[in-house]
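K.L.:
How does the following fold in three dimensions:
(one chain, ligands or ions: 2)
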Amino acid sequence: MADIIVAIDGPAGSGKSSVSKAAARRLGFDYLDTGAAYRALAWYVLDRGIAPDNSDAVLASLGAFDYSISIDPSEPVVMVGDADVTDAIREPRVSSVVSAIARVPEVRTFVTGIFRSTIDAAPHPGIVVEGRDITTVVAPDADARILLTAAEEVRMARRSAELTTESAADVGEQLRSRDRADSRVVDFLTAADGVVTVDSTHLDFDQTVDAVLEVIARETTRTSHG
Ligand SMILES: Nc1ncnc2c1ncn2[C@@H]1O[C@H](COP(=O)(O)OP(=O)(O)OP(=O)(O)O)[C@@H](O)[C@H]1O
Ligand SMILES: Nc1ccn([C@@H]2O[C@H](COP(=O)(O)O)[C@@H](O)[C@H]2O)c(=O)n1
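P.N.:
Ligands and ions are numbered 1, 2, ... in the order given. Take a look at the predicted model:
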């Protein structure tokens with residue numbers, strides 16, 4: 001098991017995956033994107049022609065859901081069976097249904113088990129794990145716990161700069177409605193006790209990575225001294 005666990009939560013477009021990946025690379029740590037598991041399950045459910053809001057059918061499909069993810073921050077590859085779904089799980093058709101999958105408690109328990117096994121098997125000295133409930137549910141005892149956030153309009157602008165084929169209004173509405181649905185299930189908008197907030201509204205990407213690395217250094221020094 002990794003000696004150091006870094007837990008990072010935050011809303012959509014707050015920079016969790018890009019910042020966590022960069023921080024993990026700088027530290028020589030592994031990196032686990034937990035949203036990828038929910039997205040891969042949503043992709044799988046759509047692929048099998050199951051209605052994402054039919055929770056009984058979604059649960060019945062879990063037994064055959066053959067999921068794997070690489071935790072190398074330089075090459076995160078997501079597989080379902082033999083299919084490389086790394087890019088497909090980012091498509092809007094998956095993003096638009098993933099919250100319906102993630103709201104089912106038994107799904108959350110199932111994927112949380114996968115996350116904990118992955119963390120336990122991580123080969124490097126540390127692992128950065130990001131998502132929505134990492135600081136509170138998946139790894140509440142993590143050595144460093146961070147809420148990464150940014151003003152909604154800033155997150156919308158950053159996301160829409162990435163998705164140039166869609167209008168800024170559509171991208172903004174998708175981000176807002178996903179946060180609305182997800183925040184009914186887990187609270188990733190306020191920092192739980194002991195969780196340090198990094199607000200990147202006025203920071204550029206490198207400054208945000210540095211701010212996260214500073215928190216990790218501070219928190220891991222603090223915890224190693226009891
Ligand atoms: N501080 C920053 N300054 C500028 N751009 C940033 C900053 N942080 C992140 N970004 C950019 O914002 C976009 C969204 O970041 P990212 O995909 O990492 O967010 P996320 O929280 O993982 O989103 P989601 O939960 O929707 O998957 C990316 O293009 C990323 O490069
Ligand atoms: N810990 C988590 C992580 C993700 N989710 C759900 O998955 C969706 C996709 O996550 P991204 O980080 O890739 O945007 C997200 O919208 C949530 O529905 C989750 O519930 N818990």
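
K.L.:
for the protein, what's the longest helix?
P.N.:
Taking DSSP state H as the assignment, the helix of the chain that covers the most residues is helix 205-224.

K.L.:
Outside of that helix itself, list whatever touches it.
P.N.:
By CB atoms under 8 Å, 6 or more residues apart in numbering, the list of residues contacting helix 205-224 from outside reads 4, 6, 8, 15, 18-20, 22-23, 26-27, 143-146, 148, 196, 198, 200, 203. C-beta coordinates here come from the backbone N, C-alpha and C atoms, glycine included.

K.L.:
Likewise for stretch 90-102?
P.N.:
Contacts to stretch 90-102, defined as CB under 8 Å, 6+ apart, come from residues 35, 38-39, 41-43, 45-46, 52-53, 58, 88, 107-108, 163, 166, 174, 178, 181-182, 185.

K.L.:
Any of those buried? List them.
P.N.:
When burial is judged by neighbour count using 16 or more other CB atoms under 10 Å, the buried members of the contacts of stretch 90-102 are 35, 38-39, 41-43, 45-46, 52, 58, 88, 107-108, 163, 174, 178, 182.

K.L.:
Narrow those to those in helices?
P.N.:
By the criterion of DSSP H, membership of those in helices covers 35, 38-39, 41-43, 45-46, 58, 107-108, 174, 178, 182.

K.L.:
and which of those is nearest ligand 1?
P.N.:
Closest approach to ligand 1 among those (CB to the nearest ligand atom): Gly35, at 5.5 Å.

K.L.:
ok, the closest residue to that closest one other than its chain neighbours to Thr164 distance?
P.N.:
Across the structure, with CB to CB, 6 or more residues apart in numbering as the measure, the residue nearest Gly35 apart from its sequence neighbours is Gly131 (5.6 Å). As defined by CB to CB, to the nearest Å, Gly131 lies at a distance of 26 Å from Thr164.

K.L.:
neighbour-wise, which of these two wins?
P.N.:
When Gly131 is set against Thr164 and neighbours are counted by other CB atoms under 10 Å, the residue ahead is Gly131, at 29 against 9.

K.L.:
List phi and psi for the more buried one.
P.N.:
According to degrees, to the nearest 10, the main-chain angles of Gly131 amount to phi 180, psi -130.

K.L.:
Roughly how far does it sit from Val111?
P.N.:
10 Å.

K.L.:
any residues in contact with both of the two?
P.N.:
Overlap between the neighbourhoods of Gly131 and Val111 consists of Thr34, taking contacts as CB under 8 Å, 6+ apart.

K.L.:
Might you enumerate the residues of the chain proximal to ligand 1?
P.N.:
Applying CB under 6 Å from any ligand atom, one finds that the chain approaches ligand 1 through 10, 12-19, 35, 158-159, 162, 200, 203-205, 208.
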